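In: pasted the sequence and its predicted model underneath.
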Amino acid sequence: MQKENLKYNIKPAERIANVSEYYFSKKLKEVAQMNAQGMDVISLGIGSPDMPPSEETLNTLCENARRPDVHGYQPTVGIPELRKAMSNWYKRWYNVDLNPDTEIQPLIGSKEGILHVTLTFVNPGDQVLVPNPGYPTYTSLNKILGSDIVNYNLREDNNWQPDFDELEKMDLSRVKLMWTNYPNMPTGANATVELYEKLVEFALRHNIVIVNDNPYSFILNKKPLSLLSIKGAKDCCIEFNSMSKSHNMPGWRVGMIATNSTFIQWILKVKSNIDSGTFRPIQLAAAKAYENSDEWHEEANINVYSRRRSYAEEIMKELGCTFDKNQVGMFLWGKIPEKYNDVEELTEKVLHQSRVFITPGFIFGSNGKRYIRISLCAKEELLEKALERIKKNK
C-alpha cells in the first residue's frame, strides 16, 4: 500500500510570536564562538557571582546529600527549617516580622516567582506596570501570559525612581500589578524609606499590588532595606528575595516570596500545580546560609565588590562614560558619550576590538538606550586585563 504524501504542518502558539530569545542567551552564543576561535573574550555581562557560598553552607549540603532518606519529593511550601531561617533573616537584617508558616513561600529562584505571581493576579488583558529601564523578564513573561504591559519611566534626572505625578495622570483602572526593583537593576539606584512609603500609599489608593524584586540589597550596600518594613506594606505588597546574589548561590535556585498570608495561599495554588519543592539538602544548606555572619557579608558583599568596582569605574572613564558613584549592587551603569550614534556602536566596538563583552542598556528598555552596564562578577585580574585591553584599543 502506497503511503500518502502528507505534509506535516505544526505551528507554535501565537504567544511566542511576541517574545524573542533572551538577549544574553543569544549574545553569549556569539561570545562562545569567539572563544572557540581563540579570541579569549572577557565577559562583563551577566551578574552571576563567581565566588562560592560560605563553608558552612557547603558542608551542610554535602553532609545531607549523603543521607539515604533525603532524595524524595519535597513539599511545595518548603521545609519548616528553611521558612524559619527566612523569617529570622528578614527580622535580623530588615527588622520585618514574617510568620514562617503563613507569610513566606520559598521559590526556585525569583524568575519563576514572576511567573507564579502574574498567573495568580493577572487575567489576560489586565494591565501591569513595568519599569523602563527594567529587568527584561518582567516584560517577556507578561507578554507570554497575555498581560497588557504599560511601561512607566525611570530617568536619571529623577534618581531612577518612578515619577508619581506622571503615574497619577495615567488611566490605572485596569492595572493589577506594578513591578519595582530596588536596589535597582540595571541602574544601581538605591531604595529609600521615602520611595517605599510613596509606593505603599500609591498601591493602597489605586488598589494595585506592588511587587518589589529585592535581590541586590546587600551588594555594596551597608543599610539593606525592605519594602515590607513600611507600615501597611504587607497588605498590598509582595517582595521577592533571592540567595543568588547575597549568598553567592545563583545556580542553587533558592529564592522567596514574602507577603500577607492570603496572597501566599493564592500563589501556592498556582505554584503547587507547576513545580515541586527543592531538593531537601539544598533547602537545609540554604537555611544554614541565612545564618552567615556579619563578617562574611562584609567581605563577600562589600569588600570584594568594592575592589572590583574601582576597576569598573576606570573602564567607564576610559570609555568616556559618566556614572553615579552612589550606585549599589553588582553592576556599574554609565551613560555613553554623545559621539556614538547608539549604544551598540560602543559595545560592539569594545567586543570586537578589545574582546570585552559589556551589556548595552537598550535591552532593559528605551530609557537605557544611551547607557552601558558592567558586571562586577569577574575577578580583579580579569577586570584589570579588560581595562588594559580597552586602553590599548581606544
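Out: Yep, it's here.

In: could you use CA atoms for every contact and neighbour count after this?
Out: Fine.

In: burial count for Gln207?
Out: I think there's a mix-up here, since residue 207 is Asn and not Gln. Using other C-alpha atoms under 10 Å, Asn207 has 15 neighbouring residues.

In: same check on Tyr8?
Out: For Tyr8, the tally of surrounding residues (other C-alpha under 10 Å) stands at 6.

In: per-residue confidence for it?
Out: According to the prediction, Tyr8 has pLDDT 84.

In: how far away is it from Leu383?
Out: Counting by C-alpha to C-alpha, to the nearest Å, the gap from Tyr8 to Leu383 is 51 Å.

In: do a quick rundown of the strands in the stretch 201-350 of the chain.
Out: 209-213, 237-242, 255-258, 322-323, 331-335 (DSSP state E, counting those that start in this stretch).

In: can I get these in a markdown table with mean pLDDT, mean neighbour count and distance to Val128?
Out: Output for the strands of the stretch 201-350 of the chain, formatted as a markdown table (pLDDT from 0 to 100; neighbours: other C-alpha atoms under 10 Å; distance: least, C-alpha to C-alpha, whole Å):
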| stretch | mean pLDDT | mean neighbour count | distance to Val128 |
| --- | --- | --- | --- |
| strand 209-213 | 97 | 24 | 10 |
| strand 237-242 | 97 | 24 | 14 |
| strand 255-258 | 97 | 24 | 19 |
| strand 322-323 | 97 | 16 | 30 |
| strand 331-335 | 97 | 25 | 26 |
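
In: nearest to Glu166, of these?
Out: Proximity to Glu166 (C-alpha to C-alpha) singles out strand 209-213 among these, at 17.0 Å.

In: direction included, what does the closest one pair against?
Out: According to DSSP bridges, strand 209-213 has the following sheet partners: strand 175-180 (parallel), strand 237-242 (parallel).

In: need the ones you listed in a markdown table (columns: distance to Leu98).
Out: Formatted as a markdown table, the strands paired with strand 209-213 follow (distance: least, C-alpha to C-alpha, whole Å):
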| stretch | distance to Leu98 |
| --- | --- |
| strand 175-180 | 21 |
| strand 237-242 | 12 |
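
In: before we move on, the earlier item: dump the strands of the stretch 201-350 of the chain to a markdown table, plus distance to Lys84.
Out: Below are those laid out as a markdown table (distance: least, C-alpha to C-alpha, whole Å):
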| stretch | distance to Lys84 |
| --- | --- |
| strand 209-213 | 21 |
| strand 237-242 | 15 |
| strand 255-258 | 12 |
| strand 322-323 | 40 |
| strand 331-335 | 31 |
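
In: out of those strands, which gets nearest to Asp69?
Out: Minimum separation from Asp69 across the strands of the stretch 201-350 of the chain (C-alpha to C-alpha) falls at strand 255-258, 24.1 Å.

In: quick one on the thing from earlier: between the strands paired with strand 209-213, which gets nearest to Asn88?
Out: strand 237-242 (13.7 Å).

In: how about that closest one as CSV, C-alpha atoms only?
Out: Listed next in CSV are the C-alpha coordinates belonging to strand 237-242 (Å, rounded to 0.1, in the frame of the first residue of the first chain):
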residue,chain,number,x,y,z
CYS,A,237,2.9,44.5,48.5
ILE,A,238,4.8,41.4,47.6
GLU,A,239,8.6,41.2,48.0
PHE,A,240,10.9,38.8,46.2
ASN,A,241,14.3,38.0,47.7
SER,A,242,17.0,35.6,46.4
